[in-house]
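Undergrad: A predicted structure for the sequence below; I have some questions about it.
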Amino acid sequence: MTGGDVSKATSGWRVAVLGGGAWGTALALAMLRAGHSVRLFARDQETVEAIGRGENPRYLPGIALEPGIDATSDIKVALADADCVLAVVPAQSLRAMLTAAKTHMPKGVPLVLCAKGIERDTGALLSAIAREILPKNPVAALSGPSFATDVARGLPTAVVVAARGEGLAADLAARFSAENLRCYSSDDLIGVEIGGALKNVFAIAGGAITGAGLGASAQAAMVTRGFVELRRVGAAFGAKPETLMGLSGLGDLLLTCSSAQSRNFAYGLALGQGKPLAGLPLAEGVPTAAIAARIVTERRIDAPIITAVAAILDGTITIRQAVSALMTRPLKTETDV
Ligand SMILES: NC(=O)C1=CN([C@@H]2O[C@H](COP(=O)(O)OP(=O)(O)OC[C@H]3O[C@@H](n4cnc5c(N)ncnc54)[C@H](OP(=O)(O)O)[C@@H]3O)[C@@H](O)[C@H]2O)C=CC1
Ligand SMILES: O=C(CO)COP(=O)(O)O
């Protein structure tokens, strides 16, 4: 289905961005550039003041923010009269943040989930959490290969916006797109969520392979076989295979499994190098690996890389032991997806 036209004029919305980290700040800039007015909620007053000065040194060091983001530590103020709300806190914090937003959330406005992960304690996808807490707000997800620093700097980036109704997805994609942010639309919300959540697990594996000096061939093998696992999990959740061939799937795997700019890759890199992990920036793949491993076991999905990453992270096995176990599994045809 054809989505919205970038050249189509759309009137500016009042967009509320919930989250003052790297991605929330970058998306706030992207929304300004797309012609919207932006209120950003950050719970940390220092972050609010910094954004007011045109910087976010804690999360986007060295990047000057264009003026126009109206930052506040009052969630009620951020949400007042919003036409659209972007939820941009880590996946494990989404439930708490939406619960705090609930009484102030404008009725019926779209809620766009921008985090990538699965709730560790429940196995819930983020759209399920949103529907549980805010049943009156239509839910969408924005995902794809997009480093916050690249988007904040205005570098060309493509993402996908998904919602159960293609009409909503296409409308949001048209409204969010600007010269350097191209938004595709999709009606496969689940597929887009699964792709964004699981790529972080494989990005940790990619970093660990590099850190442990296992070579570029091992890296390519992991990404390829990881992609097979992603498709298997996607199929079990009812995702469309072509969604995972797209930006939130293959695209994000390509980006984050090979670049230390990815915090998940950087986490895996430190793991592979035997460096301390405490104090590293957010790596969403850590909690997601644990719950994804539980899901694939319960659903009997063959996903040895996901299982290995979870076991390495919880200290059950070493990277070398994991690689040895993966390399000596029973042989099979490659196309046995
Ligand atoms: N960074 C990136 O390049 C991209 C990130 N994403 C995804 O976006 C999500 C957020 O990532 P990112 O912004 O980078 O993370 P950061 O670690 O940079 O920032 C997290 C932000 O969330 C805030 N926060 C955490 N918990 C709560 C809460 N309960 N209530 C209110 N605010 C809260 C933090 O506040 P405080 O400072 O007070 O702790 C901080 O402002 C992740 O799921 C990530 O995978 C997606 C695409 C790109
Ligand atoms: O999701 C991202 C890019 O698409 C950001 O990846 P990291 O969270 O690993 O930095």
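TA: Thanks, I have it. Numbering: from 1, shown residues only. Ligands and ions are numbered 1, 2, ... in the order given.
Undergrad: Write out the residues of the stretch 101-250 of the chain neighbouring ligand 2.
TA: Residues of the stretch 101-250 of the chain lying close to ligand 2 by C-beta under 6 Å from any ligand atom are 116, 145-147, 200, 203. Backbone N, C-alpha and C define where each C-beta goes, glycine included.
Undergrad: can I get these in JSON lines with neighbour count, secondary structure and distance to ligand 1?
TA: Output for these, formatted as JSON lines (neighbours: other C-beta atoms under 10 Å; DSSP: H, G, I helix; E, B strand; the rest coil; distance: C-beta to the nearest ligand atom, whole Å):
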{"residue": "K116", "neighbour count": "28", "secondary structure": "coil", "distance to ligand 1": "4"}
{"residue": "P145", "neighbour count": "23", "secondary structure": "coil", "distance to ligand 1": "9"}
{"residue": "S146", "neighbour count": "25", "secondary structure": "coil", "distance to ligand 1": "5"}
{"residue": "F147", "neighbour count": "19", "secondary structure": "coil", "distance to ligand 1": "4"}
{"residue": "N200", "neighbour count": "32", "secondary structure": "helix", "distance to ligand 1": "7"}
{"residue": "A203", "neighbour count": "30", "secondary structure": "helix", "distance to ligand 1": "10"}
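Undergrad: Strands along the stretch 101-250 of the chain, start to end?
TA: Counting by DSSP state E, counting those that start in this stretch, the stretch 101-250 of the chain has strands at residues 111-113, 139-143, 157-163, 181-186.
Undergrad: Just name the most buried of the ones you listed.
TA: Highest mean neighbour count of the strands of the stretch 101-250 of the chain: strand 139-143, a mean of 28 (counted as mean count of other C-beta atoms under 10 Å).
Undergrad: So what are the sheet partners of that one and their directions?
TA: Within its sheet, strand 139-143 is paired with strand 111-113 (parallel), strand 157-163 (antiparallel), according to DSSP bridges.
Undergrad: Show me the one of the ones you listed that comes nearest T316.
TA: Comparing the strands paired with strand 139-143 against T316 with C-beta to C-beta, the closest turns out to be strand 111-113 (31.2 Å).
Undergrad: Is any residue of the closest one near ligand 1?
TA: No. Strand 111-113 does not reach ligand 1 (C-beta under 6 Å from any ligand atom); its nearest approach is 9.0 Å.
Undergrad: Can you name the residues in contact with that strand?
TA: Contact partners of strand 111-113, identified using C-beta atoms under 8 Å, 6 or more residues apart in numbering, comprise 84-87, 94, 105, 126-127, 130, 134, 137-142, 161, 172, 193.
Undergrad: what pLDDT, on average, does it get?
TA: Averaging pLDDT along strand 111-113 yields 99.
Undergrad: how far out from the middle of the chain is that strand?
TA: Averaging C-alpha positions (C-alpha atoms, centre = their mean, to the nearest Å) puts strand 111-113 12 Å from its chain's average.
Undergrad: I'd like the strands of the stretch 101-250 of the chain laid out as CSV, including distance to T256.
TA: Below are the strands of the stretch 101-250 of the chain laid out as CSV (distance: least, C-beta to C-beta, whole Å):
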stretch, distance to T256
strand 111-113, 18
strand 139-143, 12
strand 157-163, 14
strand 181-186, 18
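Undergrad: filter the contacts of strand 111-113 down to the ones near ligand 1?
TA: Within the contacts of strand 111-113, nothing lies near ligand 1 by C-beta under 6 Å from any ligand atom.
Undergrad: how about T72, phi and psi?
TA: Here the main-chain torsion angles of T72 (degrees, to the nearest 10) amount to phi -150, psi 150.
Undergrad: Quick one: residues contacting it.
TA: Shown in contact with T72 (C-beta under 8 Å, 6+ apart): 39-42, 48, 78.
Undergrad: quick one: which of those residues is nearest ligand 1?
TA: Among those, A42 lies closest to ligand 1 (C-beta to the nearest ligand atom), at 5.3 Å.
Undergrad: Now do the contacts for that closest one.
TA: Contacts of A42 (C-beta under 8 Å, 6+ apart): 19-20, 24, 48, 51, 71-73.
Undergrad: tell me, how many neighbours does the closest residue to K240 other than its chain neighbours end up with?
TA: Among residues not flanking K240 along the chain, D188 sits closest, at 4.7 Å (C-beta to C-beta, 6 or more residues apart in numbering). By other C-beta atoms under 10 Å, the residues close to D188 number 26.
Undergrad: if I look at D188, how far off is ligand 2?
TA: From D188 across to ligand 2, the span is 18 Å (C-beta to the nearest ligand atom, to the nearest Å).
Undergrad: Single out the residue in the stretch 151-300 of the chain that lies closest to ligand 1.
TA: Minimum separation of the stretch 151-300 of the chain from ligand 1 (C-beta to the nearest ligand atom) falls at L282, amounting to 3.8 Å.
Undergrad: got the contact list for that residue?
TA: Counting by C-beta under 8 Å, 6+ apart, L282 touches 21, 90, 263.
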